[in-house]
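Student: with the sequence up front, the predicted model follows.
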Amino acid sequence: MNGISQISLAELRLLAPMLVVTVTGIAVLMLEVFQRSAMSRRYQAWLSVIGLGMAGLDTLYLLARGTEAFAMSQLLYMDGFGFTLDLVVLLGGALAALIAPAYLESHRLERGEYYGLVLFSVVGMMVMNHGADLFTIFMGLELMSIPIYCLAGYFRHSSASAESSMKYFFLGAFASALFLYGIAFVYGMTGTTSLVGVSRVMFSGLGSVDVAGAEAYAASSGFVEYVGLGAEGGPLFALEFLPAMAVLLILAAMAFKVAVVPFHAWTPDVYSGAPSSVVGFMATGVKTAAFGALVRVFMVGFFDQPARLSETGWLSVFFWLALISMVLGNVVAIVQSSVKRMLAYSSIAHAGYIMVGVVGASYSPEGFLQLESVLFYLLTYTLGTVGAFGVLAWFGKRGEEATTYEDLAGVAKKYPGAALAMTIFMLSSAGIPPTAGFMGKFYVFKAAVQTGETAMIALAVVGVLASVSGVYYYLKVIMAMYMKTPRREVHGVAGLELKTALVVCAMGTLLLGILPGIGLGISRAGVLSFLGAPPQVRVELNKLRAPVEAGRAELGAPE
Amino acid sequence: MIPMFAMGASDHDDHGHDDHGHGDHGDGHGGHGDHGHGEHGGGSSWWMYLLGFLVLAPTLMCLFNGVVGSSGVSYNPATGEYSSPILMAIILAPAIGAVINGTIGQKLPRPIVNLVGCAAIGLAFLFSISAVGSLMGLEAPAAEGHMAHQPIVYNAFKWIWVGNFQIPAKFVLDPLSAVMILIITGIGTLIHIYSAGYMSHDPAYARFFTYLNLFCFAMLILVLGGNMLLTFVGWEGVGLCSYLLIGFWYTDDAKASAGKKAFVVNRVGDFAFIIGMFLIFTAAESLDYQAITQLATTPETAGPLMGIATAATIFIFIGCTGKSAQIPLFVWLPDAMAGPTPVSALIHAATMVTAGVYLIARMNALFILAPTTMWIVVVVGGVTALMAATIAVVQNDIKKVLAYSTVSQLGYMFMAVGSGALTAGVFHLMTHAFFKALLFLGAGAVIHGLHDEQDIRKMGGLRKSMPIIHWTFLVGCIAIAGVPGFAGFFSKDEILWNVFAQVHAGAPMPGLHVVMWIVGVLTAGLTAFYMFRLYFLTFHGESRVAAGVTPHDAPAAMAMPLIILAALSAVGGYLGVPHILGGLVHWIPGIGEAMSHHILHTWLEQVFTPSANALSIRFEHDQEVVMEWVTMGVSVVVALGAIAASWMLYARPSDVPKTVAERASLPYKILSNKYYVDELYALLFVKPTLLIGRFFHKVVDEVLIDLLLVNGAAWVMESMGAIGKRLQDGNVQRYAGYVVLGLGAIIFLLLIK
Amino acid sequence: MGAAVLVEYIPLMVLFALALAVVLAIVFVTPLVGPKKYSEEKMDAFECGSDPIGQARSRFSVKFYLIAITFIVFDVEAVFVIPWAVIFQDLGWYGFGVMSFFLAILTLGLVYEWKSGGLEWD
């Protein structure tokens, strides 16, 4: 036992959701190779859903209990924020599994690997959601990304799918390299990769690192072993430049994963080439995990109070990324003729909207609670987008995939259910009440407006205007389905699974639109339980947590 | 069959009045039940269902009274108000009828549709009787030994609740609205029954009854609404139904245009109404009639209202000129005769067009604060009355004559309310509803009997072939002409006397009241003249009916309302016997005492007390009696003279009308072209509007908005999108390049600072 | 940094210069001084035994990659296993358990590869 820290059973208990998903993934793969090849694989979809559902229930339980703990040698934050993100990711994964069977069958590619890859990717996302260390986050990132690359190329006979996979892989590797490069900078400066440690070392002083303080902290905290910055302990580097490089390299990698401009270029090609059943998951799950990690890294590791929205702080970079993404995503989406590409561009715009929430929440410690808008938006976005791609999978029969507006013309007549569901998803994406998307946008923009800062309000205004122009192309889908005469016959491939998924998405979209309190309550619980928050934020959170915890004590729950 | 109907209806009438609606209706129920059972096996003609209704309605009434108590009136000590859901029942009964006929009516057999339509309004009538009976019972001692009736208030729900702009859906039954709902539902019921006969050949009967019921619904909201906004809802509702019914035969382009004309002209007035409403709200911070009256009559609080009173009342009056067809917005009413005749009777004679009079009466407390407006009302009313009467003299279309007559009589009503004689105005509103509905229905029966012939030059001598129509029509003519003893005499005379004698401040010129009185008398003479011209040309002389048409008398369904209305036209005036004639009726056992004091005046007194205090009579008491006799004598002589003149000219073959028309060709041409008002409006408003519209269409809309703003914005967006699209060329190295460039740009921007 | 620091590098620079000189001498001087014998084989283009003439972009089977990836997986496994083996005694049963778990997952991966035909050439 010399120097090795053991994983306790209590920690394993907290990791149960991840383990369940991992085991389900392995089980699916084993079942796949040991079963007769002629046998249907539909049960694997349900098996995956059961695994994800169990993990989800356990996550919900942990969230409800108000669990807050470190795990794996303080590499993971097992807190409400992570659990809430887990819920979204698990939901996305389950929907992706449900959408697939009929679609894959029609492409004669119904193999268990699909579900295995989805499940492993979910595990990676969950690791990212809980990451307390830059390396944990990197591990999660890779564990999430590599299965996604494979899923993008899952139609191995289709050159578009292969191209999608190849591009995603190359650019993803590029982003990973940037991330590692950023980690290297951080480590070089601070001697640690732990987010809390980075924060304490890097930003404890105003503009210069207090080495003695950092050492003392490192010694007392036990988080990191302070390696030392420069032999003499004098003033280190040009502090304006190196931290900026570190922050920006990590930011670029994160921005790549969430697909905000100008790190978005891969999105349309990858989304339009990848199998429809998985694109929704790619768009939402990856965004959820990446936004979770982004918030965690920047709020914990790079929390930079003196520099907020100043000319050099990262907040201003976020600000501009959000702005450009909203505008460009919407504008370019307008001229697309393929619905899949349109949705890809619109996902860029959605990343911009979410970024607005992040900016609003990061603006001041008092506004931190507004992070709930980000969590809520991710939830609504997951329902709407996975649903929309699910409908495309419905009309994705091999050889006659309907991807353009023209292909979808008039489908409402033959497939009223699919058209209705698509209408709900489009309205939600466009942000029209009474759908969840409206409430999501409302809260996100509210997060920006509540800061009271003129620039922030301007950002919200631009966001609203951009989303108005987005209505055009979303309605175009509805118009095509209901009002255009069909150009060619479209045959839907839908099984019980797909229909279940669409019903869940549609009902969820409407439910959250009418009763947003449900989603908002969970989101708030997530934000209130945010480990590693800087002291200024923690003060604010504790104010809000007091009544919650009193209530929990009253209910007699443990802890 | 006819007597049975008449009995049935009057039975109810009496019954409702006798026990003030408090008691049970068991008697009525039992009695009619016998009739119903006796007839049911006989056949399936439409009146069977009406009979069934007469059975059904009292039963429902009993049920209602049984469930909610005696008319459901309850006292709320907290607010000091009486409340009853029966007001809701009155309003909703026609609404339910409209919903049934409007949704599934087209699939139901005709008798059921007739039944539903008539039952809906009939039920509302019975509810109204019950409610008014309750109102009569709610007497409380008021000032000066008079009895006041506590209004029945029903707050249905909170309607608009924003900040201090709080509008409840509040309905109020006070003596004024009581008179109105009895007219609306009573005459409405008769006209619905009449329509069952009149529309018996029309395939769109379900739609007709839907609209008719909908109209009653809206009209009841208008008069029962406890605040201006609710009244406005009804106001718009009746406008809509009027539009729908004028253009009922919408395949005929002229009729559809007439509907449009009515709607557009009314919108002009409605706009003014809205402005008036806003003005009042800014000053009173309430649209509630009771609150406004309270504010306006309390000297301490009247200040803000005084400031806007003139402007607000003028705007509201403009609204009234639209709905009630006064100068300058009267042009739509003659065209509105394109609708089916029952519609003309109900909407364009008896009820909707009197909404303006009702509104001024309702808001009398505010109007009395604005003497200028009052004089404007008098003058506009008088000029309209005279002008319309002159036009009516030369019209040859039976309905057009009646239409101009209506405009003229409405002018009378405005003269009355303008000169502060509110009771007289409402009184004339009521009697006019009786005899004008009668005349329209009679005209409709003539048209029906002649297979859609409306030109009086192609009638004549119909008294033999249409005896019932003839006699009832004659009663109507006598009533409108003001022959003593008939309804019109009492109300018209009261108006003329009041215009002559009553005074309120702010007359723009001395002696204006005398001028207006002379106008009134002239109009009365003209009215008698053209009505009897119409009567003689239609029913006397040689038959000029086109060959092949066999005139037939009114069928039972149409005859029954005619007879009831004729009776009302004959005796309706005794509700308002002037006090100088009080002695003449004093001897009548039972009600003589009440009649001699002008029943209606007593009834409405509490509503009009606030403004009555601001008025005075020009004469000493002795002088007054003498003058009243004199004015009455003058108008009676004029009326009788006019009837005689028209008898000489039109009852016998005579060349005089022709000669007059030839000799005075210019005035004749002006009159028969209705003073060229339509042409004038076309030149002044329609053409400029079209020009402006064309300008906005061609220049502003097509060039500025479509081309520059809409397509321009779309073009900008698309070009931006196209640029963005071009960056997306699929080259993966370039994509990586974008990442690097983006990162570089951020670093550059950050470090430049 | 000052001149004093740079002085320490002078021997290194000398070494670089010598190395460069020797290499250049061998490359350029040998052809000048050595004997020359030509034969057909010697004049032929030679590239590690494969056909020197053919498509510039030759394709070879994807199965090579599969084998390579499998190799890497087990190669990396060794990276983990060898340090564990070195201090295996110190880590005790906890360490054994953790490593067993790791190897079990790896074994399942191998099973998967085997069953799905990843180890067969055809």
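Tutor: Ah, there it is. Residues are numbered from 1 along each chain as shown, chains lettered A, B, ... in the order given.
Student: for A:Gly495, grab phi and psi.
Tutor: phi -110, psi -180 (degrees, to the nearest 10).
Student: identify the residues contacting it.
Tutor: Applying CB atoms under 8 Å, 6 or more residues apart in numbering or on different chains to A:Gly495 gives the contacts A:42, A:101-102, A:105. Using the backbone N, CA and C atoms, a C-beta is placed for each residue, glycine as well.
Student: okay if I get the residues you listed as a markdown table plus neighbour count, secondary structure and pLDDT?
Tutor: What follows is those, written out as a markdown table (neighbours: other CB atoms under 10 Å in any protein chain shown; DSSP: H, G, I helix; E, B strand; the rest coil; pLDDT from 0 to 100):
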| residue | neighbour count | secondary structure | pLDDT |
| --- | --- | --- | --- |
| A:Arg42 | 17 | helix | 89 |
| A:Pro101 | 26 | helix | 92 |
| A:Ala102 | 24 | helix | 90 |
| A:Glu105 | 17 | helix | 90 |
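Student: state the distance from the nearest residue to A:Val317 once chain neighbours are set aside to A:Leu321.
Tutor: Nearest non-adjacent residue to A:Val317, counting by CB to CB, 6 or more residues apart in numbering or on different chains: B:Ile746, 5.7 Å away. Using CB to CB, to the nearest Å, one gets 9 Å for the distance from B:Ile746 to A:Leu321.
Student: and those two? which has more neighbours close in?
Tutor: Remark: of B:Ile746 and A:Leu321, A:Leu321 carries more neighbours, 26 against 21, as counted by other CB atoms under 10 Å in any protein chain shown.
Student: please name the nearest non-neighbouring residue to that one.
Tutor: A:Val260 (4.7 Å).
Student: scan chain C for its longest helix.
Tutor: Looking across chain C with DSSP state H, the single longest helix is helix C:88-115.
Student: wait, does that one contact chain A?
Tutor: Yes. Helix C:88-115 is in contact with chain A by CB under 8 Å from any CB of the partner chain, via C:90-92, C:94-95, C:105, C:108, C:111-112, C:115.
Student: in TSV: the contacts of A:Gly495, plus distance to B:Ile183.
Tutor: Below are the contacts of A:Gly495 laid out as TSV (distance: CB to CB, whole Å):
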residue	distance to B:Ile183
A:Arg42	74
A:Pro101	72
A:Ala102	69
A:Glu105	74
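Student: report the contact partners of the residue nearest to A:Leu117 when sequence neighbours are not counted.
Tutor: Spatial nearest neighbour of A:Leu117, chain neighbours left out: A:Pro147 (4.0 Å); criterion: CB to CB, 6+ apart. Taking CB under 8 Å, 6+ apart, we find A:Pro147 in contact with A:117-118, A:120-121, A:124.
Student: quick check: A:Pro147 vs chain C, distance?
Tutor: Plainly put, A:Pro147 is 14 Å away from chain C if you go by CB to the nearest CB, to the nearest Å.
Student: that residue is in what secondary structure piece?
Tutor: Using DSSP states H and E, A:Pro147 sits within helix A:134-152.
Student: how about that helix as PDB, C-alpha atoms only?
Tutor: Only the C-alpha atoms of helix A:134-152 are listed here, as PDB (Å, rounded to 0.1, in the frame of the first residue of the first chain):
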ATOM      1  CA  LEU A 134      -7.800  18.400 -16.900                       C
ATOM      2  CA  PHE A 135      -6.600  14.900 -17.600                       C
ATOM      3  CA  THR A 136      -9.900  13.300 -16.500                       C
ATOM      4  CA  ILE A 137     -11.600  15.600 -18.800                       C
ATOM      5  CA  PHE A 138      -9.300  14.700 -21.600                       C
ATOM      6  CA  MET A 139      -9.800  11.000 -21.000                       C
ATOM      7  CA  GLY A 140     -13.500  11.500 -21.100                       C
ATOM      8  CA  LEU A 141     -13.200  13.600 -24.200                       C
ATOM      9  CA  GLU A 142     -11.400  10.800 -26.000                       C
ATOM     10  CA  LEU A 143     -13.600   8.100 -24.600                       C
ATOM     11  CA  MET A 144     -16.600  10.100 -25.900                       C
ATOM     12  CA  SER A 145     -15.100  11.100 -29.200                       C
ATOM     13  CA  ILE A 146     -13.600   7.800 -30.500                       C
ATOM     14  CA  PRO A 147     -16.900   5.900 -30.500                       C
ATOM     15  CA  ILE A 148     -18.500   8.900 -32.100                       C
ATOM     16  CA  TYR A 149     -16.000   8.900 -34.900                       C
ATOM     17  CA  CYS A 150     -16.800   5.200 -35.500                       C
ATOM     18  CA  LEU A 151     -20.500   5.900 -35.300                       C
ATOM     19  CA  ALA A 152     -20.200   8.700 -37.900                       C
END
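Student: go through it and flag the buried ones.
Tutor: A:134, A:136-152 (16 or more other CB atoms under 10 Å in any protein chain shown).
Student: show me what the mean pLDDT comes to for it.
Tutor: Averaged across helix A:134-152, pLDDT comes to 95.
Student: how about stretch C:37-57?
Tutor: Taken as a whole, stretch C:37-57 carries a mean pLDDT of 72.
Student: can you count the residues close to residue 122?
Tutor: All of this is about chain A. With neighbours defined by other CB under 10 Å, the count for A:Val122 comes to 34.
Student: could you do chain C instead?
Tutor: For C:Asp122, using other CB under 10 Å, the count is 4.
Student: so it versus chain A, what's the distance?
Tutor: Per CB to the nearest CB, C:Asp122 is found 17 Å from chain A.
Student: before we move on, what about B:Phe427?
Tutor: 54 Å.
Student: what parts of chain C come near chain A?
Tutor: Residues of chain C lying near chain A by CB under 8 Å from any CB: C:90-92, C:94-95, C:105, C:108, C:111-112, C:115-116.
Student: now these as CSV including distance to B:Trp249, pLDDT and neighbour count?
Tutor: Shown next, in CSV, are the residues of chain C next to chain A (distance: CB to CB, whole Å; pLDDT from 0 to 100; neighbours: other CB atoms under 10 Å in any protein chain shown):
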residue, distance to B:Trp249, pLDDT, neighbour count
C:Asp90, 104, 85, 11
C:Leu91, 100, 84, 18
C:Gly92, 102, 84, 12
C:Tyr94, 96, 87, 12
C:Gly95, 98, 87, 17
C:Ile105, 85, 90, 12
C:Leu108, 84, 92, 14
C:Val111, 85, 91, 14
C:Tyr112, 81, 91, 19
C:Lys115, 83, 88, 14
C:Ser116, 80, 85, 15
